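Chemist: build me a model from this:
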Amino acid sequence: PNLSMIAEFTAHPKSVLCCVWSPNGLFLASSADTLKIWDAKSFTLLTNFQSGSGMIRTINWSPDSTMIASGSNDGSLNIWNSYSLLKTFLVHKGTVNCCCWSPEGLEIASASRDNTLKVWKSDTYCLVATLLHAHSVWSCCWSPDGKLIASSSVDMSIKLWKTDNYSLYKTLRAHQSFGVVVGHLMD
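Modeler: Below you'll find the predicted structure:
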């Protein structure tokens, strides 16, 4: 396809570490030392949240586009709505590299340099599971049906975890160097 730039703007005074469209397509969120929410049609800034948790490494919208989970260098996971920070909690002993919502929005997974993938209830923020890799966990994603979570690691593996009991289903070792991105996992 023939791609062309439709907008270019300075989003943050520091390096932009992440940007994500909302599932409903109405918003674009970006992160650095702040979390910004932009109107996806006009690209005007709607909200600028200051982070007390250092650099925001990763952001992810809830499936209904009403909340954002963000992970920071200090190991914290933050939950935001379009008006304010709802919850900050220190969840990891290392940088949070990735966070993602389950397809129905009932749980949040966070991947960290502390070699763990953790799963949290999105309404109570209670820890559901701690899943281990041999090295830093770089990314995570839920399968569209919510039955599996995939996580990738510096140990050059992708692990698939069953969500009914959070047991290891399968380990994939096809990479010659560490995997950084895990996209949508299909059945």
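
Chemist: centroid-nearest residue for this protein?
Modeler: What sits nearest the mean C-alpha location of the chain, by CA atoms, centre = their mean, is residue 99, with 2.4 Å.

Chemist: low-confidence stretches in this protein?
Modeler: For the chain, the stretches with pLDDT under 70 are 7, 9, 53, 174-187.

Chemist: how does it look with 90?
Modeler: Applying pLDDT under 90 to the chain flags the ranges 1-17, 32-34, 43, 48-55, 81-85, 88-91, 154-156, 173-187.

Chemist: element containing the residue lying closest to residue 167 once chain neighbours are set aside?
Modeler: Once flanking residues are discounted, residue 167 sits nearest to residue 161: 7.0 Å by CB to CB, 6 or more residues apart in numbering. For the C-beta atoms, the positions are set from N, CA and C on the backbone; glycine is no exception. In the assignment (DSSP states H and E), residue 161 maps to strand 158-162.

Chemist: tell me which strands that strand pairs with, and in which orientation.
Modeler: Next to strand 158-162 in the sheet, as set by DSSP bridges, lie strand 148-153 (antiparallel), strand 168-172 (antiparallel).

Chemist: tell me which of those strands sits most buried.
Modeler: strand 148-153 (a mean of 24; mean count of other CB atoms under 10 Å).

Chemist: same for the helix or strand where residue 60 lies, what does it pack against?
Modeler: Assigned by DSSP H and E, residue 60 belongs to strand 56-61. When contacts are defined as 3 or more CB pairs under 8 Å, 6 or more residues apart in numbering; DSSP states H and E, strand 56-61 sits against strand 18-21, strand 27-31, strand 34-39, strand 67-72, strand 96-101.

Chemist: output that strand as CSV, nothing but the C-alphas.
Modeler: Only the C-alpha atoms of strand 56-61 are listed here, as CSV (Å, rounded to 0.1, in the frame of the first residue of the first chain):
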residue,chain,number,x,y,z
ILE,A,56,6.1,5.3,31.5
ARG,A,57,7.4,2.4,29.4
THR,A,58,4.2,0.8,28.3
ILE,A,59,0.5,1.7,27.9
ASN,A,60,-2.6,-0.3,27.0
TRP,A,61,-6.3,0.6,26.7
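
Chemist: strand partners (parallel or antiparallel) of that strand?
Modeler: Sheet pairing for strand 56-61, using DSSP bridges, gives strand 67-72 (antiparallel).

Chemist: list the residues that contact the closest residue to residue 129 other than its chain neighbours.
Modeler: Leaving out its chain neighbours, the residue that sits closest to residue 129 by CB to CB, 6+ apart is residue 166, at 3.7 Å. Counting by CB atoms under 8 Å, 6 or more residues apart in numbering, residue 166 makes contact with 119, 128, 129, 131.
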